[in-house]
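Visitor: Build me a model from this:
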Amino acid sequence: MRKIQLTVLAAAVGLLCTSVGVNAKSYNITNKGQWLLTNADLHIKTPFKIKQVVLHGGKQDGTKLLTIDNGVMRITLIPTRGMDIYKVKTSQVTLGWNSPVKQIVNPKFINLQSRNGLGWLEGFNEMMVRCGYEWTGHPGVDKGELLSLHGRAGNTPATEVLVSVDEKAPYAIHIRGELLEQLFKQVNFKTWTEMTIIPGQKSFSIHDKLTNQGDYPHEYQIIYHSNFAQPLLEKGSKVAVPVKQISPFNEYAKKGLKNWDTYLGPTKDYDETVYNIYPYADSQGKTLAVLHNAKATLGVAIHYNVHQLPVFGLWKNTDTLKQGYVTGLEPGTSFSFNRKFQRKLGLVPTINPGETKHFDVTYQILDNHKAVEKQLDQVKSIQGDHPIDYREDPLVVGG
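Guide: Next comes the predicted model:
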């Protein structure tokens, strides 16, 4: 499979459809409202449908949704909100959660610095939100600046949205979006996000490229905040990670450290608990996390590489259903402490002028016991006889 080159895509701005040699069909839908593409339009027998709609009313007014149906799975992206993933559905599994935030809020209605930097929560309801790229983590002052919760990327509308479909089997679909974080005299980041979906498969991949367009080195951080609830989350659900070291995020999380991998049902007055994990990986740096229901008949696996994303955060929020019953599986460059606390942990990397950093994450839906067991076996294989370092105390105090 060959993807269309960025230079050709840029030349296609304003055109509905462009043929690139004999290898792909590409579409720039940046300025499109309602839009539809099906396999029949490209004379392909394998069924798929890509549809864009624009929402109206309330705080979601003007928000664009892009839904990709590959025949067995339906993924909804939000170009207006950082190309984040709203929900993923198959006949048996839904990836996502029921947030108290019901509308898909347009960022123009959100003040990230409100509520002492917690304004981000006013739009938080996605299955996957990019937390970064200039910073991530809890709000707080660093270098004299109030850093709001989890950065700006998830509330940054894409400046370009590009769709391409390979002309040869398996007819991979590529959805790309450009995110810009730019501030005079400070940051000049460009991120090309990309999702790849293959018709007929119950998995999808993220490939993001962060480029520092400035003339000076700059710090960056990213967390792929991936959130799940029913039917995967219930009393007795478990998460499996090949753990090198695990520690509680704060004092509150210490009491649940021994049962970090097991979930409660909806529990009133349950405060969120977070665990920081350094994972083991195979010889190539590949690792994974698996969440599954109590019977291990349904689940999701997240595959990533520790050379790109060296740490993993586990967020457990098993509060009541109306309050937001959810867990977050979060591979990243950093934990969720405020940035100023993570430098001493070596978790605030630097990107040089003109340099590009790559981030690859694959999500795999597991819809039967055999599929769940296969992924759990991968976790066990990576863990092997390696010991787990249980740290009783948080890595950071007051973060």
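
Visitor: going forward, measure contacts and count neighbours with C-alpha atoms only.
Guide: Fine.

Visitor: What separation is there between residue 219 and residue 189?
Guide: 11 Å (Cα to Cα, to the nearest Å).

Visitor: Distance from the chain centre to stretch 54-74, please.
Guide: Here the centre of stretch 54-74 is set off from its chain's centre by 17 Å, with Cα atoms, centre = their mean, to the nearest Å.

Visitor: and what of stretch 162-177?
Guide: 20 Å.

Visitor: which parts of it are buried?
Guide: 162-167, 171-177 (16 or more other Cα atoms under 10 Å).

Visitor: cool, stretch 387-399 as well?
Guide: 394-395, 399.

Visitor: Could you dump those residues into CSV with distance to residue 341 added?
Guide: Formatted as CSV, the buried residues of stretch 387-399 follow (distance: Cα to Cα, whole Å):
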residue, distance to residue 341
394, 12
395, 9
399, 6
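
Visitor: between those residues, which is closest to residue 62?
Guide: Nearest to residue 62 among those is residue 399, at 35.9 Å by Cα to Cα.

Visitor: can you pull the contacts of that closest one?
Guide: Contact analysis of residue 399 by Cα atoms under 8 Å, 6 or more residues apart in numbering lists 138, 337-338, 341.

Visitor: Out of those residues, who's the most crowded?
Guide: residue 338 (24 neighbours; other Cα atoms under 10 Å).

Visitor: quick one: that one and residue 398, what's the gap?
Guide: On the measure of Cα to Cα, residue 338 and residue 398 end up 9 Å apart.

Visitor: Ok, residue 341 next?
Guide: Distance from residue 341 to residue 398, by Cα to Cα: 9 Å.

Visitor: Residue 71 against residue 48, yeah?
Guide: Yes. If you go by Cα atoms under 8 Å, residue 71 and residue 48 touch, sitting 5.7 Å apart.

Visitor: Between those two, which contacts overlap?
Guide: Common neighbours of residue 71 and residue 48, using Cα under 8 Å, 6+ apart, are residue 199.

Visitor: what would the buried residues of stretch 162-177 look like in JSON lines with distance to residue 128 and secondary structure?
Guide: Formatted as JSON lines, the buried residues of stretch 162-177 follow (distance: Cα to Cα, whole Å; DSSP: H, G, I helix; E, B strand; the rest coil):
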{"residue": "162", "distance to residue 128": "20", "secondary structure": "strand"}
{"residue": "163", "distance to residue 128": "20", "secondary structure": "strand"}
{"residue": "164", "distance to residue 128": "22", "secondary structure": "strand"}
{"residue": "165", "distance to residue 128": "23", "secondary structure": "strand"}
{"residue": "166", "distance to residue 128": "25", "secondary structure": "strand"}
{"residue": "167", "distance to residue 128": "29", "secondary structure": "coil"}
{"residue": "171", "distance to residue 128": "24", "secondary structure": "coil"}
{"residue": "172", "distance to residue 128": "21", "secondary structure": "coil"}
{"residue": "173", "distance to residue 128": "19", "secondary structure": "strand"}
{"residue": "174", "distance to residue 128": "17", "secondary structure": "strand"}
{"residue": "175", "distance to residue 128": "15", "secondary structure": "strand"}
{"residue": "176", "distance to residue 128": "16", "secondary structure": "strand"}
{"residue": "177", "distance to residue 128": "15", "secondary structure": "strand"}
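
Visitor: Quick one: which of these has the lowest pLDDT value?
Guide: Among the buried residues of stretch 162-177, residue 167 carries the weakest pLDDT, at 94.

Visitor: I'd say it and residue 25 touch.
Guide: Yes. Taking contacts as Cα under 8 Å, residue 167 lies within contact range of residue 25: 7.0 Å.

Visitor: Helices - which of the buried residues of stretch 387-399 land there?
Guide: Using DSSP state H, the subset of the buried residues of stretch 387-399 located in helices is empty.

Visitor: Turn the residues you listed into TSV, columns for pLDDT and distance to residue 301.
Guide: Listed next are those as TSV, based on pLDDT from 0 to 100; distance: Cα to Cα, whole Å:
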residue	pLDDT	distance to residue 301
394	97	27
395	97	27
399	76	29
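
Visitor: Closest to residue 101 out of those residues?
Guide: Looking across the buried residues of stretch 387-399 and measuring by Cα to Cα, the closest to residue 101 is residue 399, at 25.9 Å.

Visitor: Tell me how far the closest one lies from residue 337.
Guide: Using Cα to Cα, one gets 5 Å for the distance from residue 399 to residue 337.

Visitor: Just flag the most distant two among the buried residues of stretch 162-177.
Guide: Of all pairs in those, the most separated under Cα to Cα is 167 and 177 at 20.8 Å.

Visitor: So what sits opposite residue 300 in the bridge?
Guide: residue 291, residue 365 (DSSP bridges).

Visitor: How about the contacts made by it?
Guide: With Cα under 8 Å, 6+ apart, residue 300 has these contacts: 232, 290-292, 363-366, 372.

Visitor: Give me the buried subset of these.
Guide: Listed as buried from the contacts of residue 300 are 232, 290-292, 363-366, 372; burial here means 16+ other Cα under 10 Å.
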